[in-house]
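*Asks:* Based on what follows, work out the 3D shape:
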Amino acid sequence: MVTFVTPSTIASVAASASSPGLAQFLALVVAATFLVLLVETELVDEALSPGARFLARGVSIGILPLGVAFVAITAAALLQAG
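*Replies:* Numbering: from 1, shown residues only. So this is what the prediction gives:
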């Protein structure tokens, strides 16, 4: 598996971590995308066409990483508040 994590990527992530506004915006984007994918998966699962089932499998690929990110962001927010 090829990874594309370069020193500039690491520097960008480190810089965004120090910017609370950007971190909150990214958290909002992750949460919104996670909810949209969950709703879309449920709607497409009810469709009977083969193309819709193929789309449902493709959409479900992104749910796990976004779920993990959502849990990590929520945990970080709770730890920061407490």
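*Asks:* middle-most residue in this structure, spatially?
*Replies:* Leu66 (2.8 Å; Cα atoms, centre = their mean).
*Asks:* Going by neighbour count, which residues of the helix ranked longest in the chain are buried?
*Replies:* When the chain is parsed with DSSP state H, its longest helix is helix 20-45. Under the neighbour-count criterion of 16 or more other Cβ atoms under 10 Å, helix 20-45 has Ala27, Val30, Phe34, Leu37, Thr41, Val44 buried. Yep, even glycine has a C-beta here, placed from its N, CA and C like the rest.
*Asks:* helices and strands around it, which ones?
*Replies:* If contacts are counted by 3 or more Cβ pairs under 8 Å, 6 or more residues apart in numbering; DSSP states H and E, helix 20-45 sits against helix 7-17, helix 50-61, helix 63-81.
*Asks:* thinking again about what came up before, ok, for the residue nearest to the centre of the chain, nearest residue in space, not its chain neighbours?
*Replies:* Nearest residue to Leu66, sequence neighbours excluded (Cβ to Cβ, 6 or more residues apart in numbering): Phe34, at 4.2 Å.
*Asks:* What spatial separation is found between that neighbour and Thr6?
*Replies:* Computed as Cβ to Cβ, to the nearest Å, the Phe34 to Thr6 distance reads 27 Å.
*Asks:* With adjacent residues omitted, what lies nearest to Thr33?
*Replies:* Leu66 (5.9 Å).
*Asks:* For that neighbour, which residues are in contact?
*Replies:* Neighbour list for Leu66: Val30, Thr33, Phe34, Leu37 [criterion: Cβ atoms under 8 Å, 6 or more residues apart in numbering].
*Asks:* what's the most distant pair in those residues?
*Replies:* Val30 and Leu37 (10.7 Å; Cβ to Cβ).
*Asks:* pLDDT below threshold where in the protein?
*Replies:* 1-5, 9-10, 13-19, 82 (pLDDT under 70).
*Asks:* give me that answer again for 50
*Replies:* Counting by pLDDT under 50, the chain contains low-confidence ranges at 1.
*Asks:* and Leu48, how many neighbours?
*Replies:* By the criterion of other Cβ atoms under 10 Å, Leu48 has 6 neighbours.
*Asks:* swap that for Pro50, sorry
*Replies:* Neighbour count of Pro50, defined by other Cβ under 10 Å: 8.
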